[in-house]
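Student: What follows is a predicted protein model with its sequence.
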4 protein chains.
Amino acid sequence: MKIAGSTSLEDLPRICPLLSREGNQRYGATETRVVEVGSVHFGGGRPVVIAGPCAVESREQTLAVAEAVRAAGADMLRGGAYKPRTSPHDFQGLGDEGLEILCLAREATGLPIVTEVMDVRLVDKVAEYADMLQVGSRNMQNYPLLKEVGRVGKPVLLKRGMAASLCEWLGAAEYIAAEGNYDIVLCERGIKAYPSGEYSRYILDLNVIPAVKLHTFLPIIVDPSHATGVASMVEPASRAAIEFGSEGLIIEVAADSPGQAKPRCDAAQAIDPKTLQRIVNFIITRAGVLLENALAQAFSAQRNGSARHTITSEVV
Amino acid sequence: MKIAGSTSLEDLPRICPLLSREGNQRYGATETRVVEVGSVHFGGGRPVVIAGPCAVESREQTLAVAEAVRAAGADMLRGGAYKPRTSPHDFQGLGDEGLEILCLAREATGLPIVTEVMDVRLVDKVAEYADMLQVGSRNMQNYPLLKEVGRVGKPVLLKRGMAASLCEWLGAAEYIAAEGNYDIVLCERGIKAYPSGEYSRYILDLNVIPAVKLHTFLPIIVDPSHATGVASMVEPASRAAIEFGSEGLIIEVAADSPGQAKPRCDAAQAIDPKTLQRIVNFIITRAGVLLENALAQAFSAQRNGSARHTITSEVV
Amino acid sequence: MKIAGSTSLEDLPRICPLLSREGNQRYGATETRVVEVGSVHFGGGRPVVIAGPCAVESREQTLAVAEAVRAAGADMLRGGAYKPRTSPHDFQGLGDEGLEILCLAREATGLPIVTEVMDVRLVDKVAEYADMLQVGSRNMQNYPLLKEVGRVGKPVLLKRGMAASLCEWLGAAEYIAAEGNYDIVLCERGIKAYPSGEYSRYILDLNVIPAVKLHTFLPIIVDPSHATGVASMVEPASRAAIEFGSEGLIIEVAADSPGQAKPRCDAAQAIDPKTLQRIVNFIITRAGVLLENALAQAFSAQRNGSARHTITSEVV
Amino acid sequence: MKIAGSTSLEDLPRICPLLSREGNQRYGATETRVVEVGSVHFGGGRPVVIAGPCAVESREQTLAVAEAVRAAGADMLRGGAYKPRTSPHDFQGLGDEGLEILCLAREATGLPIVTEVMDVRLVDKVAEYADMLQVGSRNMQNYPLLKEVGRVGKPVLLKRGMAASLCEWLGAAEYIAAEGNYDIVLCERGIKAYPSGEYSRYILDLNVIPAVKLHTFLPIIVDPSHATGVASMVEPASRAAIEFGSEGLIIEVAADSPGQAKPRCDAAQAIDPKTLQRIVNFIITRAGVLLENALAQAFSAQRNGSARHTITSEVV
């Protein structure tokens, strides 16, 4: 019984001749293609931390959160100017004004910005403001949008659709690469499964990280905010993601302060700056521990006569 | 533990004040708002049959299939000019030429056409050619596209996302209605679940039909082609959908003839015109049986002294 | 990347040499092995209707429901003496007393009984009372229980686990057949997927019916009560199941009467006897319509010179 | 539209009056009830490592793997004497002989043993041999079995069903507690979702760990072997689980040696002893790092005048 549209990873070289390791022999079996956003390097060895508010709600709010995440050690700022909401009657984002505010935040903090673009007609504009364009999970298979962000050539953060198979996800990335733009960072953000809504928003699927690394050279990060939907789960999810090999995190942060209104969207999953700090510290500490281990192994190997010992591979 | 973004049907009046029965009191508890596409009435009592090729591949192919489906008794013609493919290297559709061919087919057969539009920038153009615009499941939450098809005012066939909850689906429809366009027909086309790919492409979720009828006045049809992905399952799935109260079907048909190449997409789920004919006959026969039953009950009620007896309610 | 335990239908001959059509060549490609429970024949051409209360709660209640379902045209009686409950603090069933009551109901109505057995140590006892043993979905892979019901040789109703693949389901049946007992009737009862709980209890997976018929000769029926969890959905689900080729239905019925307490379990999905009657009438009417069509085609074929025309194949 | 059987965590106090924090006020809001298996303490602060072969296949094999896991630092030995297999024609385990071999392994290594029991009639026997009884995911809702392992009073490792909600899982544990046996350790082992089989066996659901800790005082561990089904994913999954707060791990290990046959089941997910060693080292190192941090914070707090500072809470 032949099933139409049925794909498996055996089909990947055919679906993704440009992005699959099997299709594109240019990269070694374990090499990750580094994606640069200014001085931020995805896949460069040190996990990247992107943090910021769910939505740009006001100048004060965004500047406050941006400063807080900078102080906590984040590498990049996120913030939504155009928000995908379940209902059209909910806050849709500040639009153009949101982009302006993000730029002010970048000026003030030095943090590069990534923001979501939903509308093909706005890709050029958003590309003028942002350092990196995000394609949200609801648009993972919005093929005109993928072609457009491919064409405009800015680095792209491609979120996994909430029910996307690995084949479909890499197929979506292939649309971007087919325009000549290989600066794609994948982002696992939780999938829909039967427990969704019982104790967490989605199900964090960390198994996909090694699967991605096996089949493509694109870097992959994790969004522990949407993947859990529960603020108290974000920190453990972040650490777990790093231990699974995630090359970064993108996290929603709110800076609650007296008089400050609660965020207008996804408040229940936003963490505070102190928690973000602990996540950053975890990454730094972990890198230190790995470096120690690597050095120890190098010396031990030296003593045992095997002179050549690579340290860098141990750091990630 | 509060979960961000968690919605249930209790939230529907808030999410969909325009389209939920609870939010919009204009329609009775069981009334369906009829959507007219020319002389075709969705929700008008008789299930609508939309049929045609998966993709418009050539003039000969499309005219042949169009004639075959007309002869089989279909009410409308489907056919893709812009095809959403997992890989950018696969046939993307004939684009503008495809729209022209669909028009020729309409001229030749008298069948109104529904075709998918994926790109917000092409909505106006496609609306000139098609009688009804289809928003595909991969674009169910492409909000700029929803706003655009809402604005252009043509009837819309809104396919359910393959992992969309009922709240999300109706929320998507609300984007269209918020532009003043209530001519929306919902389409269940199978959801992703763990068996997807073992013996069928998706899982046909017929339970959603009565749920839709309970919560909104929009008509709903079923796509048994994608929901099964297996040609031999399309006919039973069609009958099952009608028995569950579906107000119509949208079915992929291929007219295999000597020398004709196999369809370039989804060949394994396309049925032949004879099978389509049997599906149409089923609908006709069923309407006849229901009418007989209704008349019998009316006479029986009359004999028993209850003079007023509605027949029309029995026919659907 | 080899995945442990990964199976597909290609593995079926290996997993089920006794029950797969490919493994056991004894049955034709489309032949169903009839399972007899007294004079009730599963797979014999006419869909079997099993109905009754969710649980045996009292003698009065069970006798009343049994009489009502007999009058409505059911072929067999269901009723739980041992109930699988989410919590140990909920009503667990009347146990032995429940079995006695079921026998009284059989005496009074002539309906054969099917009841669930959960405990391997009770298989012999339950087999003395019941005409057919049900293995519930929560026990689909309770291998000691499967071996036991296989050994005792009574006909078995094997419910699909709520997340069982077709391979796993047929593998479970193979345990029964391996004991020499081929009198197995499969029962689809809804699967767990992301919408479970939003508008229905499970997702009715009718696509599995033709898949079952393709791969094995065992008959298959449907439980529309658990598959929907909503009383008003049971009737359409029943008709849909029949249209998809289901060889029967197992339905929960409650006979509400003044003074009668509401059922102690699953009240929200129980239908009343009038609704059951309509379901039975649907099956009868449908058989009549199919017979008419078959006769018409036979005569037409005769007139066209093809003398040999099988009628029976049209009846199901 | 009321849905039968629909539960949410709001129902937990009703479903689990004995095991839910809300129902059983005896334990503090964050306290974990320690389960002792000999000198092994689940929930005692240091993650427990259980390791061993998937199945007991021979005396040589089991003794070899047992010694290897002991040397690697495991706390307990696992090994299946009775194996749940998809097909009855596959290796079912050595049964009684398997239990004997496990005891020999315990004698040789000092490691307590946990092994799966599937058959209610064998609970007493298995309880004589094993230090802890495992109820497998396929039997999570085998209520007679749960009552039996509750009654026999040995510590129980309760694996989550592959499609069990948190309510159902804790409801199953409640059956054990209702017999007076609170020595229950929960085990997350991956759930079924749409990607199952594409790149991993199941989907590891780590979000459930904090949810468990919020709602009950039972300790919870993770099985990264079945949850991934891919040997190379087991180590990262183990670390991720620990970072998410898992109180232990249960891991399949094979000791490949020249001449040794490949394991007869689940070979693709078994890791080697060196990998197990790294996992154990990770746990040790991590405990050390946490202790350092805790001491640093304690001194800092002391200097700042807040004399009372708990260290132990930081270690886990």
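Tutor: Ah, there it is.
Student: so how far is residue A:158 from the closest residue to residue A:246 other than its chain neighbours?
Tutor: Leaving out its chain neighbours, the residue that sits closest to residue A:246 by CB to CB, 6 or more residues apart in numbering or on different chains is residue A:222, at 4.4 Å. Placement of C-beta: from N, CA and C, glycine included. Noted for residue A:222: a distance of 13 Å to residue A:158, by CB to CB, to the nearest Å.
Student: Overlap in contacts, those two.
Tutor: Common contact partners of residue A:222 and residue A:158 (CB atoms under 8 Å, 6 or more residues apart in numbering or on different chains): residue A:187.
Student: okay, the two: which has more neighbours?
Tutor: Taking other CB atoms under 10 Å in any protein chain shown, residue A:222 and residue A:158 do not tie; residue A:222 has more neighbours (32 against 26).
Student: Bridging across strands, which residues link to that one?
Tutor: Assessed by DSSP bridges, residue A:222 has beta-bridge partners residue A:188, residue A:249.
Student: again, but for residue A:271
Tutor: residue A:253.
Student: quick one: it and residue A:253 touch, right?
Tutor: Yes. With contact defined as CB atoms under 8 Å, residue A:271 and residue A:253 form a contacting pair (5.7 Å).
Student: So which of these two has more stuff around it?
Tutor: Neighbour tally, residue A:271 and residue A:253, criterion other CB under 10 Å: the higher count belongs to residue A:253, 26 against 22.
Student: Tell me the spacing between residue A:132 and chain B.
Tutor: Noted for residue A:132: a distance of 20 Å to chain B, by CB to the nearest CB, to the nearest Å.
Student: Pull up the residues of the stretch 1-150 of chain A that are close to chain D.
Tutor: Residues of the stretch 1-150 of chain A lying close to chain D by CB under 8 Å from any CB of the partner chain are A:8, A:9.
Student: so what's residue A:277 up against?
Tutor: Listed by CB under 8 Å, 6+ apart, the contact set of residue A:277 reads A:72, A:73.
Student: does it count as helix, strand or coil?
Tutor: Counting by DSSP: H, G, I helix; E, B strand; the rest coil, the backbone at residue A:277 sits in helix.
Student: quick one: pLDDT of it?
Tutor: Note for residue A:277: predicted pLDDT of 97.
Student: same thing with the one 4 residues further on?
Tutor: Predicted confidence (pLDDT) at residue A:281: the value is 95.
Student: for it, what are its contacts?
Tutor: residue A:73.
Student: repeat that with 10 Å
Tutor: The contact partners of residue A:281, taken as CB atoms under 10 Å, 6 or more residues apart in numbering or on different chains, are A:72, A:73, D:293.
Student: Does the last one touch residue D:299 like I think?
Tutor: Which is residue D:293. No. Checked against CB atoms under 10 Å, the pair residue D:293 and residue D:299 is beyond contact range at 11.0 Å.
Student: If you count surrounding residues, which of these two has more?
Tutor: Higher neighbour count among residue D:293 and residue D:299: residue D:293, with 16 against 11, using other CB under 10 Å.
Student: circling back: now do the shared contacts for residue A:271 and residue A:253.
Tutor: Counting by CB under 10 Å, 6+ apart, the contacts common to residue A:271 and residue A:253 are A:51, A:225, A:234.
Student: so of the contacts of residue A:281, which ones are in helices?
Tutor: Judged by DSSP state H, the contacts of residue A:281 include A:72, D:293 as members of helices.
Student: Around chain C, pick out the residues from chain A.
Tutor: A:1, A:8-9, A:162-163, A:191-198, A:202-203, A:210-211, A:214-215 (CB under 10 Å from any CB of the partner chain).
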